[in-house]
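1. just coords:
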């Protein structure tokens, strides 16, 4: 596609449920990043993929959060046993460069945990 | 620990004015400083970026000024237009290591440009 796509665009779930968020990066982009944006806050780094491996998972808030990337393309962020504090917009970005320059962001998934 | 501090939180200017958004960082290992623009319901879009060996960079109506000794950088928007109303984020990247590419963002500035 022309840009980074994310699905779903909105997700409402009940506390304790598991959710999966999907990111389709720009074709050919080897670097992929997940960030979280809470209401009125800046973006918080979660995890970085280079190809299918994740050299930096340091931003994942707890072991309820995990992510994978397959085929060097699509990535899925999974949140288990969701909590209300997980409510945020989850943004994915991809880049042709592992240096982090020219990161292109998707529109995000707005997650609401009731 | 917030490593990039951004101010002001919000800013209102008249059309044609020059809003200035400031950022300060602590970590001298940062080596790349981009600015992003975000409209409601959209993901951030890269506006302009600068390296610490450059004191100023212009792209169209957007200018970054960089003061390495003060560890500060700022975004100036010349001849601002109502269409520039958006949230602006500064960011910084630390060179090298497994965190290569990870951006640390400021808290954002909501800019409103009145017609």
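-> Arrived safely, thanks for sending. Everything numeric in this text was worked out from a predicted model, so none of it was measured.
2. for the helix or strand of chain A with the lowest mean pLDDT, packing partners?
-> When each helix and strand of chain A is scored by mean pLDDT, DSSP states H and E, strand A:53-56 comes last, with a mean of 86. The contact analysis (3 or more CB pairs under 8 Å, 6 or more residues apart in numbering or on different chains; DSSP states H and E) places strand A:53-56 against strand A:43-50. Every C-beta, even on glycine, is put in place using the N, C-alpha and C of the backbone.
3. Could you tell me which residues make contact with the closest residue to residue A:30 other than its chain neighbours?
-> The spatially closest residue to residue A:30, leaving aside those adjacent along the chain, is residue A:51, at 5.7 Å (CB to CB, 6 or more residues apart in numbering or on different chains). Neighbouring residues of residue A:51 by CB atoms under 8 Å, 6 or more residues apart in numbering or on different chains: A:30, A:69, A:72.
4. For the following helix or strand past the least confident helix or strand of chain A, which strands pair with it and how are they oriented?
-> Next along the chain after strand A:53-56, taking DSSP states H and E as the criterion, comes strand A:65-69. According to DSSP bridges, strand A:65-69 has the following sheet partners: strand A:75-79 (antiparallel).
5. anything in the next helix or strand after the partner strand near chain B?
-> Using DSSP H and E, the helix or strand that follows strand A:75-79 in sequence is strand A:88-95. Yes. Strand A:88-95 lies within reach of chain B by CB under 8 Å from any CB of the partner chain, at A:91, A:93, A:95.
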